[in-house]
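Trainee: give me a 3D structure for the following:
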Amino acid sequence: LDQVAGRLLIIFDQPVVPCPPFIGSNSSSGLPSLPHHRRNLEIRMSNDRSTTLRQLASLLGASGVGLGAFGAHALKATLSKKAGAGDNWRTAVSYQLVHAVALLAISTIDRKSMKTPPSPSSWSGGKLMALGTAMFSGSIYLLTLDVGPKKLLGPITPVGGLLLISGWVMVGMGNI
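Mentor: Residues are numbered from 1 along each chain as shown. Purely as a prediction, here's the structure:
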């Protein structure tokens, strides 16, 4: 493995990147004077589909918890001024959190089944779920706060809902 050139090494279908050369090293290769087993220190890069779905699930889950708390506390007075705004906010948070858990489950099930994770239908379905959740919940958040043009945001909500439904159907068609 040539660390100076920065070539990638594939081990078990996982790309591996060597650490960059250290500044001020005493060796001609740019490596510090370390024991042999420490010279080839590698950083694993995980770019597989399960990781992507897990990261999307984490993003949706963390932001869902944050937005739920924000709506329940900081926006409580604002949401109470508009009829149904609090219920709409809670609906958006609920859909976001449910689909975060669904994406997490898809990424976990595929990894445990030892397939090339995930199956094409599950991968596409997961992407549709993530996009649909962002569109559905995001448009509801903005509509409840009267942010942005209603003529544009209004139609985004049902389109996001259709993407969520399509995602579930595609996951159902997959071989999980």
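
Trainee: can you show me the strands along this protein?
Mentor: In the chain, the strands defined using DSSP state E lie at 9-11, 14-18, 42-44.

Trainee: so residue 170 touches residue 128, yeah?
Mentor: Yes: contact criterion Cβ atoms under 8 Å: residue 170 and residue 128 qualify, at 6.3 Å. For glycine as for every other residue, the C-beta is placed from the backbone atoms N, C-alpha and C.

Trainee: one step back: can you flag the weakest of the strands of the chain by average pLDDT?
Mentor: Per-stretch mean pLDDT for the strands of the chain is lowest at strand 9-11 (a mean of 34).

Trainee: tell me, how many residues neighbour the residue nearest to residue 102 when sequence neighbours are not counted?
Mentor: Once flanking residues are discounted, residue 102 sits nearest to residue 129: 6.3 Å by Cβ to Cβ, 6 or more residues apart in numbering. Applying other Cβ atoms under 10 Å, we find 28 other residues in the vicinity of residue 129.

Trainee: you'd agree residue 129 is up against residue 103?
Mentor: Yes: with contact defined as Cβ under 8 Å, residue 129 counts as touching residue 103 (5.9 Å).

Trainee: related to what we said a few turns ago, now do the contacts for the residue nearest to residue 102.
Mentor: 99, 102, 103, 163, 164, 167, 168, 171 (Cβ atoms under 8 Å, 6 or more residues apart in numbering).

Trainee: again, 7 Å this time
Mentor: Each residue near residue 129 by Cβ atoms under 7 Å, 6 or more residues apart in numbering is listed here: 99, 102, 103, 164, 167.

Trainee: let me know the closest of those residues to residue 54.
Mentor: Residue 54 lies nearest to residue 103 out of those, by Cβ to Cβ, at 7.6 Å.

Trainee: what does the pLDDT read for that closest one?
Mentor: The model reports residue 103 with a pLDDT of 94.

Trainee: roughly how far does it sit from residue 165?
Mentor: To residue 165, residue 103 is 15 Å away according to Cβ to Cβ, to the nearest Å.

Trainee: and those two? which has more neighbours close in?
Mentor: Higher neighbour count among residue 103 and residue 165: residue 103, with 28 against 13, using other Cβ under 10 Å.

Trainee: could you measure from the more buried one over to residue 161?
Mentor: Going from residue 103 to residue 161 by Cβ to Cβ gives 17 Å.
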